[in-house]
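Asker: curious how this folds, go ahead:
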Amino acid sequence: MFHYLLAFAGIGPTEFIVFGLIALLLFGTRLPKVARSFGQSISEFKKGLNEVKNDVSSELENDAAEKCPEEQTKNGEKTESDFQN
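Answerer: Below you'll find the model as predicted:
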């Protein structure tokens, strides 16, 4: 799967190796710590995105549940009483 990501980004194996060497020269012995903090940052970012997604979906569900039957019929949605008649 990793090679698909590189192909999508337009990065070949040579560019990836050059990038790694430049990172090694810039960060040296701190490279593992930098990589770890980068990974933690990505993890926190994903958690934040999931929280926002969950908040939005729960708000949408609450909003739909709070609609009164008059609004639902006005908007063309059928209520239980419409189906019983």
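
Asker: CA atoms for contacts and neighbours, from now on please.
Answerer: Noted.

Asker: tell me which other helices or strands the host helix or strand of residue 59 touches.
Answerer: Assigned by DSSP states H and E, residue 59 falls within helix 31-66. Applying 3 or more Cα pairs under 8 Å, 6 or more residues apart in numbering; DSSP states H and E, one finds that helix 31-66 contacts helix 13-27.

Asker: shaky segments in the chain?
Answerer: Residue ranges of the chain with pLDDT under 70: 1-9, 67-85.

Asker: and with 80 instead?
Answerer: The chain contains residues with pLDDT under 80 at 1-12, 62-85.

Asker: circling back to that earlier point, tilt between the helix holding residue 59 and helix 13-27?
Answerer: 110 degrees (axes from the mean of the first three to the mean of the last three Cα atoms, to 10 degrees).

Asker: gap between residue 26 and residue 20?
Answerer: Separation of residue 26 from residue 20 (Cα to Cα, to the nearest Å) stands at 10 Å.

Asker: just give me the neighbour total for residue 60.
Answerer: 12 (other Cα atoms under 10 Å).

Asker: kindly report the same for residue 44.
Answerer: The number of residues packed near residue 44 is 12, by other Cα under 10 Å.
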